[in-house]
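Participant: Only the shape, not the letters, is given here:
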């Protein structure tokens, strides 16, 4: 008679699964309901972004970043154009930087709303998905107003922005920022003191401080464990050094702490947006350097040099100096970095995407060790991975 | 402006490094392969406790062909430092950074999958992104992009990567 | 316009109060629907298409948006997205299909019961989209037969709903019969 208490069961979860937030496969080894070993299998969404980006010019490559991490699309574009600007040694004008910050923080709020909605629906609070996506639609409206596209904007350019924001933008953003605290208060009233939510998230999927550092975890998952690292504070980029905001930290590193960190981050994003709206001044949204940016159309009839620059930029693209840079931004998932290697030609030799979700997901086996199988869903939701980012 | 912690570590590792490059406020040290783990361990002791990224670059046709790049970060300072090791294609083996930085596990599997560089001492070096029975290493320069041309009647347009070919810098010539 | 009186009904002007009058006959005819079994079955099928949850990438987010309160796919009959393919009739392939995912997609499609339909949502599912490379299957119609292609990167939720209504028209016309391959 086999000793049933000692036998382990191997359970396959995914890649087609409603709660894995994408095409993630987990091979779980269970003793009863307790998880002993986890093996995540990824690669089901591998798209070959890095190879594609080696075959296009730096300008053509702008289409790829929002498709990598499709929830915080403006932040992705920001990450890429900042890396190219660092390589070129140019800095976008002040108005462009302020607008980038506003749009980036709106994207962060939109991404956290998706996380909140899907996490809650995994724990069966099904109405949260409706509420959060409804709020997200307001952000989508603003982003569509600016760029013409709800998701894959292609709005940021190397050296600035595609065009200036239309009139009515600041009013829309202020209206959204005014409504947001009330909505967040409602969600917190529903969830934070809810016995079921607390039972399902407190003490679940604990990531210790040391493990967070060991596995290179960044973002809310690391801050929930007490790691005080936010790229906007540590390595400020794109104008963030001038803004006043707090970085929320957790203490226990469980799912509930990550939830409170992200809720507070949404409020801090709103704070940054309001400061940025006050700082928004008139000015150009694109650098004047004609080696990088297209000349304005009016100049083309007057200047032959402008025509040549236009021709060269469109038919070949700019040629950054040979060298390598790494430039990172704080995405809603963690540190999103682009490592670009240039050999002086118009296409990158290597365009590496440092993906926060990839590193964060590595810590999953450690986090759910000795948790119950029903906590896997809560754990994955609290890491907030985007499979496009994991697999690239 | 390079952070002082990075400067201090660069000076500390200067004895181990073959070369040092500075570009746009970043320091990169080229470490010979036998001294790699030593350099990483010293970086970790100096407070650079996080391996932010581990990747590789295929420098074909330059030799040595592959370059494995380690980016370490000091959260406290804060500072970043990049360490590189170059290997030939015939001898593409690098010691695994797992003992120093456990987070190198999946990153090394990805480099193996995409480039074919092996990491000695890695607990389970298998493919991570491509299917297990895939042949070839996609990010190598001699692995084609495999673009499928679209056929119209009487005309086959260029594949996307051929629309703007790779060019070097050419100064604009006046008419 | 009153429907034509079918043959065989006789209106009798019997003197007793319980006899059928002309007006009664018209009322009765007005409330009987005669049709074919196929049309009724297709009407039921097209107004209760339940998709299987098959969100792969970015298009999945727009698909979720299409199911939420602003765009609301439930008013077209898709009240629920089923997690199990055995309980679903539609597979909306929303996102890029990588080489590793292709056998999984085929497996899920085969687990669905007839009648089943496929919407290829987005450019990646229709033709490979922006990504013409080694890692992706260039169009999901290389794996499964597709009924409706919805273009866009990603298509707006309204575009997906338009594709959905096209699918409903298709079901009305063709029903569940085997499509010509």
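Facilitator: Alright, I've got the coordinates. Just so it is clear, the model here is predicted, and its values are computed rather than measured. Numbering: from 1, shown residues only, chains lettered A, B, ... in the order given.
Participant: So which residues of the stretch 201-350 of chain A form helices?
Facilitator: Applying DSSP state H, counting those that start in this stretch to the stretch 201-350 of chain A gives helices spanning A:209-214, A:220-223, A:231-234, A:255-279, A:297-300, A:304-315.
Participant: Show me how far the fourth one is from its chain's centre.
Facilitator: In other words, helix A:255-279. Chain-centre distance of helix A:255-279: 14 Å, with CA atoms, centre = their mean, to the nearest Å.
Participant: Would you mark the buried spots in it?
Facilitator: Across helix A:255-279, burial judged by 16 or more other CB atoms under 10 Å in any protein chain shown covers A:255-277, A:279. For the C-beta atoms, the positions are set from N, CA and C on the backbone; glycine is no exception.
Participant: tell me the contacts of residue B:41?
Facilitator: Contact partners of residue B:41, counting by CB atoms under 8 Å, 6 or more residues apart in numbering or on different chains, are residue B:100.
Participant: quick one: secondary structure of it?
Facilitator: Under DSSP: H, G, I helix; E, B strand; the rest coil, residue B:41 falls in the helix class.
Participant: could you point out which element follows the longest helix belonging to chain B?
Facilitator: Among the segments of chain B that qualify as a helix by DSSP state H, the longest is helix B:104-115. Sequence-wise, the next helix or strand downstream of helix B:104-115 (DSSP states H and E) is strand B:118-120.
Participant: Could you please name the strands that next one pairs with and the direction of each pair?
Facilitator: Neighbouring strands of strand B:118-120 in its sheet, by DSSP bridges, are strand B:93-95 (parallel).
Participant: quick one: contacts of the partner strand?
Facilitator: The contact list for strand B:93-95 (CB under 8 Å, 6+ apart) reads B:33, B:36-37, B:68, B:85, B:87, B:117-121.
Participant: Of the helices of the stretch 201-350 of chain A, which is nearest chain C?
Facilitator: Taking CB to the nearest CB, helix A:255-279 is the member of these nearest to chain C, at 17.8 Å.
Participant: Show me what the closest one is packed against.
Facilitator: With contacts taken as 3 or more CB pairs under 8 Å, 6 or more residues apart in numbering or on different chains; DSSP states H and E, helix A:255-279 sits against helix A:94-122, helix A:169-191, helix A:195-201, helix A:220-223, helix A:375-383.
Participant: residues contacting the residue positioned nearest the centre of chain B?
Facilitator: By CA atoms, centre = their mean, chain B has its centre lying nearest to residue B:56, at 2.3 Å. Residue B:56 sits next to B:66-69, B:111, B:114-115, B:117, B:139 when contact means CB under 8 Å, 6+ apart.
Participant: What's the mean pLDDT across the helix or strand where it lies?
Facilitator: Assigned by DSSP H and E, residue B:56 falls within strand B:50-58. For strand B:50-58, mean pLDDT is 93.
Participant: Could you see whether chain A lies near the following helix or strand past that strand?
Facilitator: As assigned by DSSP H and E, the chain's next helix or strand after strand B:50-58 is strand B:66-74. Yes - if you take CB under 8 Å from any CB of the partner chain as the test, strand B:66-74 does meet chain A, through B:69, B:71.
Participant: average model confidence for strand B:66-74?
Facilitator: 93.
Participant: Please work out how many residues are found near the closest residue to residue A:13 other than its chain neighbours.
Facilitator: In this structure, residue A:13 finds its nearest non-sequential neighbour in residue A:26, 4.3 Å apart by CB to CB, 6 or more residues apart in numbering or on different chains. By other CB atoms under 10 Å in any protein chain shown, the residues close to residue A:26 number 22.
Participant: List of residues touching the helix or strand residue A:26 falls within?
Facilitator: In the assignment (DSSP H and E), residue A:26 maps to strand A:25-31. With contact meaning CB under 8 Å, 6+ apart, strand A:25-31 is reached by A:5-15, A:20, A:35-42, A:44, A:364, A:373, A:376.
Participant: pLDDT on the longest helix along chain C, on average?
Facilitator: In chain C, taking DSSP H as the definition, the longest helix is helix C:157-174. Averaged across helix C:157-174, pLDDT comes to 91.
Participant: Does that helix reach chain A?
Facilitator: No - Helix C:157-174 lies apart from chain A when judged by CB under 8 Å from any CB; the minimum separation is 8.6 Å.
Participant: Summarise which helices and strands that helix is packed against.
Facilitator: The elements that helix C:157-174 packs onto, with contact taken as 3+ CB pairs under 8 Å, 6+ apart, are helix C:37-46, helix C:58-67, strand C:117-121, strand C:148-150.
Participant: Good, we can wrap up now.
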